[in-house]
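Engineer: Whatever this is, show me its structure:
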Amino acid sequence: MEYVTAVPHPRSEAARPARAGRRSLALALLCGALGAAVALLATRQQWSQGTATVAGGSFPLTAKGSDVTGVPAALAIVGLAALVAVFAVRRTGRLVVAALLTLSGAGTVVAALLGASDTAALDEQAARASGDTAATVHALGHTAWPYVAVAGGALILLAGLLALRYGRLWPAMSGRYERSGAPRPRRAAPAVDPDRPEDLWKALDRGEDPTGTGPA
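Structural biologist: Residues are numbered from 1 along each chain as shown. Next comes the predicted model:
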């Protein structure tokens, strides 16, 4: 009894990397753009709140993400720029930019996690309000926005990992936008019919010898 082994079609085998490249590209663009937008939005929201005591009274204090740390927003912008730059470079340059994109996402995650429990921004506000550099904040609380920034950084990180893994399959900037030092090929001169006077006159106007013996 003979067993027949199915051999995959060469075209289907060749099409697999192309499909993987298209899918990973779409996913990386979505994750990178969405992650940067989420991280930037989160840094503009309230991250922490508390109360400070001044002259026997207390008043509330709040701090936005940008007050706590500017690192997540800065790295989100760097990641977004790196995501765009991936398509402008090739080979080693693309690998370097993909690594920068990955590091931007990882840095956003770490900075947002550290800022989630930070009290320095509120303590600074309390010191300014009370005039006492040793003043601190009481009834301290934190919101969920730092963790939203963490999620945005994680999306940027995923985009970077996809670029590292599948970036070699992604398209690059069109070659028509790149200048080349090679001279353009000259267009062939139209054939001259010696029996047609109009062709002879046109050849002479172009500076050509209609007899083919030399320059006109």
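Engineer: and L40, that's in a helix?
Structural biologist: Yes: L40 forms part of a helix when assessed by DSSP: H, G, I helix; E, B strand; the rest coil.
Engineer: lowest-confidence helix or strand of this protein?
Structural biologist: helix 197-205 (a mean of 62; mean pLDDT, DSSP states H and E).
Engineer: what stretches of this protein score poorly on pLDDT?
Structural biologist: 1-18, 55-56, 132-136, 173-216 (pLDDT under 70).
Engineer: quick one: the helices in it?
Structural biologist: Taking DSSP state H as the criterion, the chain carries its helices at 10-43, 65-68, 71-85, 91-115, 120-130, 145-166, 197-205.
Engineer: Which one of those helices lies nearest to H138?
Structural biologist: Smallest distance to H138 across the helices of the chain (C-beta to C-beta): 8.9 Å, for helix 120-130. Any C-beta I mention is one placed from the backbone N, CA and C, and that applies to glycine too.
Engineer: Show me which parts of that closest one are buried, residue by residue.
Structural biologist: Residues of helix 120-130 classed as buried by neighbour count (16 or more other C-beta atoms under 10 Å): A121, L122, D123, E124, Q125, A126, A127, S130.
Engineer: my read: the fifth one touches L61, true?
Structural biologist: Yes: counting by C-beta atoms under 8 Å, Q125 does reach L61; the two are 4.9 Å apart.
Engineer: what's the closest non-adjacent residue to V38?
Structural biologist: Spatially, and ignoring its direct neighbours in sequence, V38 is nearest to G152 (3.4 Å; C-beta to C-beta, 6 or more residues apart in numbering).
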